[in-house]
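Novice: My questions concern the predicted model and sequence given below.
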Amino acid sequence: MLPYLTPVKPVRRIRFLIFLKDVLILSLTTFGGPQVHLAMLYERFVQKRRYLTETELMELNALCQILPGPTSTQTITAVGFKIGGPNLAYVTLLIWILPAVSIMTAVGMGINYLEQHHLSLRFARYIQPMAVGFLIVAGYRIGQKVIKDKVSLALAITAALVAYVFRSPVMTPIVIVAGGLVTALTYEKQERMEKKPLKVQWANFFLWLGVLIGAAGLGAVTQSLPVRLFENFYRNGSLVFGGGQVLTPMLYNEFVAFKHYLTREEFLSGLGLVQALPGPVFSFASYIGALSMRDAGFSGQFWGSCVSTAGIFLPGTFLIFFVYRFWEQLKRYRVVRASLDGVNAASTGLTAAAAIVLFQPMAPHWPSVVVVLITMGILLYTRIPPFIVVVGGLMAGIIL
């Protein structure tokens, strides 16, 4: 035995534990959405630990931006996959989402408790218009990036009108797919790249598709609310491009306007509060799941949160595992790159429609309008973190 040789497995195990500790730290400290998350991932994973290079991180993030699902969650999961394979990736996902999911589940249960005991929720009255302000600013910032020409502008306006007039969750995937098909026809404008034969491993794709079809079928047969909740969130998680701000109109249409599982006020309260938490905005699903099963008691709310959380996060995880293996070849096809412009433009229109629908009932009440405008001004013209804005709104609601 050579004394100067270090066993490989213990070294890898220690490296994995250090990585997971870093993930936990990030899950407790990353406020502000995907752009801020990326900066913090760069600081810890690239500069401090050197798990990967800057180029590798940016490529992973770019890949996750064009896949359905939560961008930050997919990026950090993909880093775990790169370092230690699928097992480490799944543990990474769990640690990353656990703090925000736990808090939003507790918030959902807490709001239900207050409503059952006829206690006032007026302490959160400023959070609801603040949530609309957050959504408007998010849509504006997305639009600045993705609306590049008359075609993308027309797609965004058309998507907004269709989503506003036809408020069914069925319209969301139709609008997104239609947007992608329109700009896919303009593929000749894209730069030609040398193509390489695609070597596709289909296991994770069939896993994603099998769960999607199986959950839909099982929900239709059993009419079980937990199964249907899982299917609803799994479907939404499979179709949302652009992060939490695009997920919002999809969830509002599905669970408030169409199925009436939540009231508009409950939805907006949760949407505002999730802005004050570190970690993924998709943890909003845990809150909705808990309130959707309020009639089943405490255990039902907990179960509703669990199935909703699994439903919203699993599709993006399966898809990043699938695409990551052949991304280098896929991105060379012009039609793929061209379709993304339409998907992003349509997603912007969906966000605009949601902002209009949520703002309309507030329009006659000038205090709510003022709160919306102040929130927008703070987000656009100051560097005050969003969680500070939300905490300020809660304090104002308590004091006033």
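Specialist: Everything's here; your move.

Novice: And the helix or strand harbouring A216, what's buried?
Specialist: Using DSSP states H and E, A216 falls within helix 203-222. In terms of neighbour count (16 or more other C-beta atoms under 10 Å), helix 203-222 has its buried residues at 204, 207-208, 211-212, 215-216, 219. All C-beta atoms are positioned from the backbone trio N, CA, C, and that covers glycine.

Novice: Is it possible to get CSV of those residues that adds pLDDT?
Specialist: Output for these, formatted as CSV (pLDDT from 0 to 100):
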residue, pLDDT
N204, 89
L207, 94
W208, 94
V211, 95
L212, 94
A215, 94
A216, 93
G219, 91
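
Novice: Taking those, tell me the two that lie furthest apart.
Specialist: N204 and G219 (22.4 Å; C-beta to C-beta).

Novice: ok, then the element right after whichever strand or helix holds S339?
Specialist: Using DSSP H and E, S339 sits within helix 334-359. Once helix 334-359 ends, the next helix or strand along the chain (criterion: DSSP H and E) is helix 366-381.

Novice: Let me know the average pLDDT across the next helix or strand after that following helix.
Specialist: Per DSSP H and E, the first helix or strand lying C-terminal to helix 366-381 is helix 386-399. Averaged across helix 386-399, pLDDT comes to 82.

Novice: what's the angle between helix 386-399 and helix 366-381?
Specialist: 160 degrees (axes from the mean of the first three to the mean of the last three C-alpha atoms, to 10 degrees).

Novice: Name the surrounding residues that touch helix 386-399.
Specialist: 31-33, 122-127, 130, 134, 272-273, 275-278, 371, 375, 378-379 (C-beta atoms under 8 Å, 6 or more residues apart in numbering).

Novice: and what of stretch 171-188?
Specialist: 151-152, 155, 159, 162-163, 236, 239, 241, 249-250, 253, 334-335, 337-347, 349-350.

Novice: Restricted to helices, list the contacts of helix 386-399.
Specialist: Counting by DSSP state H, the contacts of helix 386-399 place 127, 130, 134, 272-273, 371, 375, 378-379 in helices.

Novice: nearest to S308, of those?
Specialist: Nearest to S308 among these, with distances taken as C-beta to C-beta, is L273, at 16.2 Å.

Novice: Grab the nearest non-local neighbour of the closest one.
Specialist: In space, L273 comes closest to V107 once its chain neighbours are excluded; the distance is 5.8 Å by C-beta to C-beta, 6 or more residues apart in numbering.

Novice: in which helix or strand would I find the one you found?
Specialist: helix 71-116.

Novice: Hey, what's the angle from that helix to helix 203-222? Just curious.
Specialist: Angle, helix 71-116 to helix 203-222, by the same axes, to 10 degrees: 20 degrees.

Novice: and helix 71-116, what does it pack onto?
Specialist: helix 8-29, helix 34-41, helix 54-65, helix 264-274, helix 284-292, helix 297-324 (3 or more C-beta pairs under 8 Å, 6 or more residues apart in numbering; DSSP states H and E).

Novice: just to revisit the earlier point, please indicate which of the ones in helices among the contacts of helix 386-399 has the highest neighbour count?
Specialist: M130 (33 neighbours; other C-beta atoms under 10 Å).

Novice: returning to what we had before: buried subset of the contacts of stretch 171-188?
Specialist: 151-152, 155, 159, 162-163, 236, 239, 241, 249-250, 253, 334, 337-347, 349-350.
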